[in-house]
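K.L.:
This is a predicted model, with the sequence first.
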Amino acid sequence: MKISVIGTGYVGLVTGTCLAETGNEVLCVDIDEKKVARMRQGEVPIYEPHLDVLFDRNIEAGRLNFTTSLEEGLTHGDIIFLALPTPEDEDGSADLSYVLNVSEEIGKKIKEYKVIVDKSTVPVGTAEKVQAVIAKNASCEFDVVSNPEFLREGFAVDDFLKPERIVIGSSSERATTLMKKLYNPFVRSGNPILIMDEKSAELTKYAANSFLATKITFMNEIANYCEKVGADVDKVRVGMGTDSRIGKRFLFPGIGYGGSCFPKDVKALQKAGKDENYDFKILDAVIEINDTQKTALIPKITTHFKADLSGKKIAIWGLAFKPETDDIREAPSIYMMNALLEKGAELTVFDPEAMPNIKEKFGDTLTYATSMYEATKGADALVICTEWSIFRTPNYSKLKELLVHPVIFDGRNLYNTEDMKSEGFTYVSIGRKDVNV
Ligand SMILES: NC(=O)C1=CN([C@@H]2O[C@H](COP(=O)(O)OP(=O)(O)OC[C@H]3O[C@@H](n4cnc5c(N)ncnc54)[C@H](O)[C@@H]3O)[C@@H](O)[C@H]2O)C=CC1
Ligand SMILES: O=C(O)[C@H]1O[C@H](OP(=O)(O)OP(=O)(O)OC[C@H]2O[C@@H](n3ccc(=O)[nH]c3=O)[C@H](O)[C@@H]2O)[C@H](O)[C@@H](O)[C@@H]1O
């Protein structure tokens, strides 16, 4: 099939590449000329594991191409995916301007039947709006489909190739038939393609993200309570998670959820509720708790250093909002570092992939180390913000030699507290007993 994807960010590029992988002819359109030039030269512009392999071989096979011309994209594809940003607007709602502006152009430019597929995360009623905006100018038939995306950054290729479910919101049989044909190769194991109305599809996406954010937040509350009563959140987590009704995943406490989606999507659903005079009280609490959680380690750090952080050298491990990505959007590390800088600390940072993005944001305010160990050289303490695998089994002796004091504040509970005790570290984590403080 001939497919066009408008917007080649984390979702668009993965979508385009994976659809090319199953034999479709894909043309990706992006407004960012530099990005398109890089992709045309064979460069993947983001860090996403395994994407490069698929990207290279589909370009080589001639099935994956790039352009800055929307017109070209609209002529090429029988199915046009919109994978455009829907960032948080000033009032917390989803900013639909990218989606609606492109839709306006689609209406003016399409000359034959097209299926317009919204893959961006959008509030209930957006498919209707897109339909109306296109219809204003369209001189041919078209259908609008809501097809929310559930991939996770860091696992995006695997999630796309082997989805647990595909959600298609459409009232058109013609469009639904085409969408099923396109997605059938991805669900051969028997996972469902769920066909529903557009509004339910749109809400499914916000409900899923908000539920997951709530699950994490609930666990962060339990972790904070564990600290009050001397319980160990990791034991509680496993004790709870082994109940299949609860499930083991997304119960890891830490310094809050971040990323380009949970924060904005929870707020967008909260705002959408308010617009209908409906108060999502649970979301109010999730947002408030998560905001506090991002700096949950700060009082522990200031207590350790007796309130004075001025001139204290602190090493930071992990800057990306989660491991296996270079994405720093709403990364808890940013809140942590801003709070530490405000208190006068000097920060030397390391992340396997996110350093360039952090450098762009923080410039000379931070010192950038070339390795995890270099970051800790001469530091008064180490703070861990992201659970990259390489941080999981450090050389403790080396770490003790490099740090001025063997002190670790761990925002992701990477280490066993007993091990840290026997290694002689002062170890402070989330929801567990502090060690040697
Ligand atoms: N990042 C993620 O893991 C997921 C994101 N989503 C949703 O997918 C949508 C896209 O998200 P990301 O891929 O993260 O965004 P992104 O910001 O990484 O990429 C968006 C791309 O669209 C391009 N663009 C902007 N205006 C354009 C225009 N007029 N014409 C062509 N290209 C244009 C930008 O240059 C950029 O390359 C959002 O609604 C997001 O909520 C859904 C599931 C997962
Ligand atoms: O709409 C989206 O953009 C995507 O948002 C999330 O994916 P993503 O943001 O890539 O990453 P997650 O693995 O969900 O992690 C989000 C945040 O929650 C935090 N988290 C996750 C799990 C956990 O147990 N504890 C926890 O604090 C992570 O550290 C991270 O900051 C969802 O998992 C995807 O299904 C969805 O498609």
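P.N.:
Perfect, thanks for sending it. Source: prediction; values computed, not measured. Ligands and ions are numbered 1, 2, ... in the order given.

K.L.:
residue closest to the middle of the chain?
P.N.:
G259 (4.1 Å; CA atoms, centre = their mean).

K.L.:
Per-residue pLDDT of it, please?
P.N.:
pLDDT, G259: 97.

K.L.:
How about the residues of the stretch 301-437 of the chain by ligand 2?
P.N.:
Residues of the stretch 301-437 of the chain lying close to ligand 2 by CB under 6 Å from any ligand atom are 321-322. All C-beta atoms are positioned from the backbone trio N, CA, C, and that covers glycine.

K.L.:
can you map out the strands along the stretch 301-437 of the chain?
P.N.:
Ranges of strands in the stretch 301-437 of the chain, per DSSP state E, counting those that start in this stretch, are 313-317, 346-350, 367-368, 381-384, 407-410, 426-428.

K.L.:
what about the longest helix in the protein?
P.N.:
In the chain, with assignment by DSSP state H, the single longest helix is helix 198-229.

K.L.:
what about that helix, near ligand 1?
P.N.:
No - using CB under 6 Å from any ligand atom, helix 198-229 stays clear of ligand 1, with a minimum separation of 7.3 Å.

K.L.:
What residues sit buried inside that helix?
P.N.:
Residues 198-199, 201-206, 208-210, 212-220, 222-224, 226-227 are the ones in helix 198-229 that count as buried (16 or more other CB atoms under 10 Å).

K.L.:
and it, what does it pack onto?
P.N.:
helix 126-137, strand 142-146, strand 166-169, helix 233-241, helix 262-275, helix 281-293 (3 or more CB pairs under 8 Å, 6 or more residues apart in numbering; DSSP states H and E).

K.L.:
And those: which comes nearest ligand 2?
P.N.:
Closest of the helices and strands packed on helix 198-229 to ligand 2 is helix 262-275, at 5.2 Å (criterion: CB to the nearest ligand atom).

K.L.:
Can you tell me what sits against the closest one?
P.N.:
Contact partners of helix 262-275, identified using CB atoms under 8 Å, 6 or more residues apart in numbering, comprise 86-88, 91-94, 121, 123-124, 205-207, 209-210, 212-213, 257, 279-280, 283-284, 286-287, 290, 330.

K.L.:
Could I have the PyMOL command that selects the buried members from these?
P.N.:
Of these, the buried ones go into a single PyMOL selection, burial set by 16+ other CB under 10 Å:
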select buried, resi 86+88+92+93+94+121+123+124+205+206+209+210+212+213+257+280+283+286+287+290+330
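
K.L.:
How much space separates N24 from I195?
P.N.:
Computed as CB to CB, to the nearest Å, the N24 to I195 distance reads 21 Å.

K.L.:
and of the helices and strands packed on helix 198-229, who's closest to E387?
P.N.:
Relative to E387, the nearest member of the helices and strands packed on helix 198-229 by CB to CB is helix 233-241, separated by 13.3 Å.

K.L.:
What residues of that closest one count as buried?
P.N.:
Residues 233-234, 236-237, 240-241 are the ones in helix 233-241 that count as buried (16+ other CB under 10 Å).

K.L.:
tell me what that helix is packed against?
P.N.:
helix 198-229.

K.L.:
can you tell me if the helix it packs on touches ligand 2.
P.N.:
Yes - judged by CB under 6 Å from any ligand atom, helix 198-229 comes into contact with ligand 2 through 209, 212, 216.

K.L.:
so who does the nearest residue to E153 once chain neighbours are set aside touch?
P.N.:
Spatially, and ignoring its direct neighbours in sequence, E153 is nearest to T325 (4.3 Å; CB to CB, 6 or more residues apart in numbering). Shown in contact with T325 (CB under 8 Å, 6+ apart): 47-48, 153-154, 353-354.

K.L.:
swap the cut-off to 10 Å and go again
P.N.:
When contacts are counted by CB atoms under 10 Å, 6 or more residues apart in numbering, T325 is found next to 10, 46-49, 152-156, 259-260, 331, 353-354, 357, 386.

K.L.:
which bits of the stretch 101-250 of the chain sit near ligand 1?
P.N.:
Counting by CB under 6 Å from any ligand atom, the residues of the stretch 101-250 of the chain near ligand 1 are 102, 120-121, 149, 151, 153.

K.L.:
quick one: which of these is most hemmed in?
P.N.:
Among those, S120 has the most neighbours (other CB atoms under 10 Å), with 27 neighbours.

K.L.:
My read is that it contacts S97, right?
P.N.:
No - at 11.5 Å, S120 does not count as touching S97 under the criterion of CB atoms under 10 Å.

K.L.:
In terms of residue numbering, what are the domains of the chain?
P.N.:
For the chain, automatic domain parsing gives the domain ranges 2-196, 205-293, 298-428.

K.L.:
possible to save those as CSV with distance to D434?
P.N.:
Shown next, in CSV, are these (distance: least, CB to CB, whole Å):
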stretch, distance to D434
domain 2-196, 30
domain 205-293, 9
domain 298-428, 5
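
K.L.:
What's the local residue count around the closest residue in space to V435 that isn't next to it in sequence?
P.N.:
Of all residues not flanking V435 in the chain, Y427 sits nearest, at 4.1 Å (CB to CB, 6+ apart). Counted with other CB under 10 Å, the neighbours of Y427 add up to 24.
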